[in-house]
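*Asks:* Pasting a predicted model and its sequence here:
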Amino acid sequence: MARIAIVTDSNSGITQAEGKQLGVYVLPMPFDIDGQPYFEDINLTQEQFYEKLTGDADVSTSQPSPDAVMSLWDDLLKNKEYDEIVHIPMSSGLSSSCATAMILAQDYDGKVQVVDNQRISVTMKLSVLDAMKMAEDGLSAAEIKRILEEQKFNSSIYIMVDTLKYLKKGGRITPAAAALGTLLRLKPVLQIQGEKLDAFAKARTVKQAKNIMIKQIKDDCERRFGSADGTGVHISMAYTHDLEAAEEFKKEVQEAFPNHEIVLNPLSLRVSCHIGPGALAVACS
């Protein structure tokens, strides 16, 4: 049976420590903060990131360098003696790191399979865990890639944004729309489905935004996955910075889906960079 290495990046929400525990290799995402390079979970913790972000530091994101990607692949194939690699980067619609990895993989004679399954954060993490299970079951890297890409649209993430400041800063909404939204105290709910981060609904209160997200997950379970009570659907949650608010919301989601064990994780810093602190998210796959 071929030895297959599973590689992802820190947008999956898998930390370096968790990666070691799982046996997954995690490329840290690079950030530029006030002209200085940082790497998620290497020399940049969640706390440090939010301190800099809310302190109005100039924060921008980039992708892992080709050298970092190929050095890891070479090490896995040569020194650690893996036969094949399944590389799961963040959605190609949200970053060019997937396209870059696909170009680099062309020099590896099919030994590196790059998966573009249009996911990020908690749904991307699930793809990584699925890939590990399939590798254990003896599937080849090419088969794992095919299955994950076939499943790519079987997931949704709904995110309530607490402040419009960062969407405005990133040019995702106009200054006029941000000013009006702030005046009306809107709590927009965004959706990540496939490759796009789109506006989904406008709520006037946090309570209304939470209700919209729970209702939509229920609708997705029934309409898209054919499971009214969510049986066979993986439901998970994520948040940016405010764990207390997230734990509170988790109780409400758990009540709505009593048969599920709801897992709560911090959103990856790349997403946080565009939506800011205080966001709450629910996902189904």
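*Replies:* Happy to help now that I have it.
*Asks:* can you map out the helices along the stretch 151-285 of the chain?
*Replies:* 165-169, 175-183, 206-223, 243-256, 269-275 (DSSP state H, counting those that start in this stretch).
*Asks:* what ranges do the strands span in the stretch 51-200 of the chain?
*Replies:* Along the stretch 51-200 of the chain, counting by DSSP state E, counting those that start in this stretch, strands occupy 59-61, 84-88, 112-114, 156-160, 187-193, 196-203.
*Asks:* Let's have those strands in TSV, adding distance to Gly19 and mean pLDDT.
*Replies:* C-betas here are computed from N, CA, C, even on glycine. Shown next, in TSV, are the strands of the stretch 51-200 of the chain (distance: least, CB to CB, whole Å; pLDDT from 0 to 100):
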stretch	distance to Gly19	mean pLDDT
strand 59-61	20	90
strand 84-88	12	98
strand 112-114	18	98
strand 156-160	21	90
strand 187-193	23	84
strand 196-203	25	80
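*Asks:* where does Leu164 land on pLDDT?
*Replies:* With respect to pLDDT, Leu164 scores 77.
*Asks:* oh, I was asking about Leu167
*Replies:* 74.
*Asks:* who touches the residue lying closest to Asp32 once chain neighbours are set aside in this structure?
*Replies:* The shortest distance from Asp32 to any non-neighbouring residue, by CB to CB, 6 or more residues apart in numbering, is to Ser60 (4.8 Å). Residues counted as contacts of Ser60 (CB atoms under 8 Å, 6 or more residues apart in numbering) are Phe31, Asp32, Cys273.
*Asks:* doesn't Val59 make contact with the last one?
*Replies:* So that's Cys273. Yes - using CB atoms under 8 Å, Cys273 is in contact with Val59, at 5.7 Å.
*Asks:* between these two, what contacts are shared?
*Replies:* In contact with both Cys273 and Val59: Phe31, Leu53, using CB under 8 Å, 6+ apart.
*Asks:* so what's Gly35 up against?
*Replies:* Applying CB under 8 Å, 6+ apart, we find Gly35 in contact with Asp58.
*Asks:* Revised request: answer the last question for Asp130.
*Replies:* Counting by CB under 8 Å, 6+ apart, Asp130 touches Ile147, Leu148, Gln151.
*Asks:* What count of nearby residues applies to Lys78?
*Replies:* Around Lys78 there are 9 other residues, counting by other CB atoms under 10 Å.
*Asks:* no no, Pro188
*Replies:* Using other CB under 10 Å, Pro188 has 20 neighbouring residues.
*Asks:* That one and Ala2: what is the separation?
*Replies:* 46 Å (CB to CB, to the nearest Å).
*Asks:* ditto for Gly232
*Replies:* On the measure of CB to CB, Gly232 and Ala2 end up 29 Å apart.
*Asks:* Comparing the two, which residue is more hemmed in?
*Replies:* More crowded of Gly232 and Ala2, by other CB under 10 Å: Ala2, with 12 against 9.
*Asks:* Assign that one to helix, strand or coil.
*Replies:* coil (DSSP: H, G, I helix; E, B strand; the rest coil).
*Asks:* residues touching the closest residue to it other than its chain neighbours, list them.
*Replies:* Of all residues not flanking Ala2 in the chain, Asp83 sits nearest, at 4.1 Å (CB to CB, 6+ apart). Listed by CB under 8 Å, 6+ apart, the contact partners of Asp83 are Ala2, Arg3, Ile4, Leu77, Lys111.
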